[in-house]
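> only geometry, no sequence info:
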């Protein structure tokens, strides 16, 4: 990452415009390859681990109880993260004094927001074909099919589903092994992603937006502290061991600005930590669709920043409705490119906040996405560990090697 920053800055400073464009277009090949390889793994990994996890949980009452607890926590953490973002942006006022004028004509952001309705979202969660859902890497649709498949398999009893459980368990371990090979490409992908953005934008863009970026990352860090504090209440001192083990997947998510890239490693580390593989396989995929704490911090922070920049004054009740709308609109769109921006573009016009304000953020979205991707991974990891502990399915593995844990 550091090498990427220095390389990108040097190219931006000394190279000609056509050289910069050529470099940025070509170097991202490594990032594209890495993310494609990761996406290649995710669909079979989510299906195999989630199905096995549900089948091994057994009774539907257990599945419903664990799923219910997970959803309660995901909603609670979303509310907490929204409040943190709202508190920091109100305190710092990064958009105050910009005094921008609302454009006379509609501005095109280039973001596809036409499908952002409750009806479209609910219908989109149900796959018309599991093959299509897997080919498009629609995590939420894969989760829905896997839950139906797993619950139906669990209802047949161990006598009938044991061979399938064993086969899918082998598939999940193979996919994790493939992930290990893919991770060798990660350093190149991280270098390429960072150097490309810096070469194109230059370090100056970070200085121009220093107030916004600084406040945003204060909100991200504060949200991390809140999540860790809640985790400490349940996990006690084990929460620090969990943080040490999640360091690598969080760093991968941060540097690639993709929480998907960290999914396989997160699942592996949670198993090493001692989480029940059944609970982790069940909760983590759901968390990737519904527990977007980083996106919540971003949406609350960015929407109020744009309102401040255009001198749009919202009442307390309007702010409350805006935050609730953002929270509901964000659920289940983890696979949408620039999902947080899409949510903003679809939501803020209803509150007389100019959608043109999103253009202020597009240039630095990569740097913002790094933070929200990292905290999404951390939030899902902490949630999974807490639910394992709450269900009495957290083993004290200490520093036991992964092979022994799996055995």
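Yep, that arrived. None of these values were measured; they are calculated from a predicted model.
> and residue 394, backbone torsions?
Main-chain torsions, residue 394, degrees, to the nearest 10: phi -110, psi 120.
> that one pairs with what?
With DSSP bridges as the criterion, residue 394 is bridged to residue 275.
> ok, now how distant is it from residue 42?
For residue 394, the distance to residue 42 equals 25 Å [C-beta to C-beta, to the nearest Å]. Heads up, the C-betas are built off the backbone N, CA and C, glycines and all.
> poorly predicted segments of this protein, please.
For the chain, applying pLDDT under 70 flags the ranges 58-60, 102-122, 205, 208, 329-339, 396-407.
> now the farthest one out in it, which residue is it?
Farthest-out residue of the chain from its mean C-alpha position, per C-alpha atoms, centre = their mean: residue 159, at 37.6 Å.
> how far does the helix or strand containing it sit from the chain's center?
Using DSSP states H and E, residue 159 sits in helix 158-182. Here helix 158-182 is found 25 Å from its chain centre; the criterion is C-alpha atoms, centre = their mean, to the nearest Å.
> hmm, who's touching that helix?
When contacts are defined by C-beta atoms under 8 Å, 6 or more residues apart in numbering, helix 158-182 is touched by residues 34, 37-38, 41, 44-45, 47-49, 51-52, 55-56, 153-154, 264-265, 267-268, 281, 406.
> tell me the helix or strand right after that helix.
Toward the C-terminal end, the helix or strand that comes next after helix 158-182 (DSSP H and E) is helix 186-201.
> okay, the angle between that following helix and helix 158-182?
Angle, helix 186-201 to helix 158-182, by axes from the mean of the first three to the mean of the last three C-alpha atoms, to 10 degrees: 60 degrees.
> return the set of buried residues in helix 186-201.
Within helix 186-201, the residues that qualify as buried are 186, 188-201, counting by 16 or more other C-beta atoms under 10 Å.
> give me the contacts around it.
With contact meaning C-beta under 8 Å, 6+ apart, helix 186-201 is reached by 1, 3-5, 7-9, 11-12, 15, 20-21, 23-24, 27-31, 33-35, 252, 255-257, 261, 363-364, 366-367.
> from these, which would you call buried?
The neighbour-count criterion (16+ other C-beta under 10 Å) marks 4-5, 7-9, 11-12, 20, 23-24, 27-28, 30-31, 34-35, 252, 255-257, 261, 364, 366-367 among these as buried.
> for the stretch 51-200 of the chain, which segments count as strands?
With DSSP state E, counting those that start in this stretch as the definition, the stretch 51-200 of the chain shows no strands.
> next one: the strand or helix carrying residue 49 to chain centre, how far?
Per DSSP H and E, residue 49 falls inside helix 17-57. Computed by C-alpha atoms, centre = their mean, the chain-centroid distance of helix 17-57 equals 13 Å.
> quick check: angle from it to helix 186-201?
Counting by the same axes, to 10 degrees, helix 17-57 lies at 140 degrees to helix 186-201.
> what separation do you get for residue 213 and residue 306?
Residue 213 sits 15 Å away from residue 306, going by C-beta to C-beta.
> who has more neighbours, those two?
Applying other C-beta atoms under 10 Å to residue 213 and residue 306 shows that residue 306 carries more neighbours, namely 24 against 18.
> identify the residues contacting the more buried one.
Contacts for residue 306 (C-beta under 8 Å, 6+ apart) come out as 95, 312, 344, 348, 353-354, 357-358, 360-361.
> quick one: which helix or strand includes it?
Judged by DSSP H and E, residue 306 forms part of helix 293-309.
> show me what the next helix or strand after that helix is packed up against.
As assigned by DSSP H and E, the chain's next helix or strand after helix 293-309 is helix 316-330. When contacts are defined as 3 or more C-beta pairs under 8 Å, 6 or more residues apart in numbering; DSSP states H and E, helix 316-330 sits against helix 60-92, helix 293-309, helix 339-347.
> distance of the residue nearest to residue 93 when sequence neighbours are not counted relative to residue 301?
Once flanking residues are discounted, residue 93 sits nearest to residue 308: 6.0 Å by C-beta to C-beta, 6 or more residues apart in numbering. Separation of residue 308 from residue 301 (C-beta to C-beta): 11 Å.
> what is in contact with these two at once?
The contact sets of residue 308 and residue 301 overlap at residue 89 (C-beta under 8 Å, 6+ apart).
> so for those two, which sits in the more crowded spot?
residue 301 (28 against 23).
> restrict the contacts of residue 306 to the buried ones and give me that as a PyMOL selection.
Restricted to buried positions by 16+ other C-beta under 10 Å, the PyMOL selection for those reads:
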select buried, resi 95+312+344+348+353+354+357+358+360+361
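> with distance to residue 100 added, can I get the helices and strands packed on helix 316-330 in a markdown table?
Formatted as a markdown table, those follow (distance: least, C-beta to C-beta, whole Å):
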| stretch | distance to residue 100 |
| --- | --- |
| helix 60-92 | 16 |
| helix 293-309 | 5 |
| helix 339-347 | 16 |
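> buried deepest among the ones you listed, which one?
Among the helices and strands packed on helix 316-330, helix 293-309 has the highest mean neighbour count (mean count of other C-beta atoms under 10 Å), at a mean of 27.
> how far off centre is that one?
With C-alpha atoms, centre = their mean as the basis, helix 293-309 stands 16 Å off its chain's centre.
> just want the angle from it to helix 60-92.
30 degrees.
> could you give the angle of helix 293-309 to helix 316-330?
Per the same axes, to 10 degrees, the angle that helix 293-309 makes with helix 316-330 is 140 degrees.
> what's the burial count for residue 147?
18.
> now do residue 93
Per other C-beta under 10 Å, the neighbour tally for residue 93 reads 13.
> these two touch, right, it and residue 311?
No. At 11.7 Å, residue 93 and residue 311 do not qualify as touching, with contact defined as C-beta atoms under 8 Å.
> circling back: give the buried subset of the contacts of helix 158-182 as a ChimeraX selection command.
In ChimeraX, a selection of the buried entries from the contacts of helix 158-182 looks like this (16+ other C-beta under 10 Å):
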select :34,37,38,41,44,45,47,48,49,51,52,55,56,153,154,264,265,267,268,281
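> what about residue 290, distance to residue 377?
Note on residue 290: its distance to residue 377, by C-beta to C-beta, is 14 Å.
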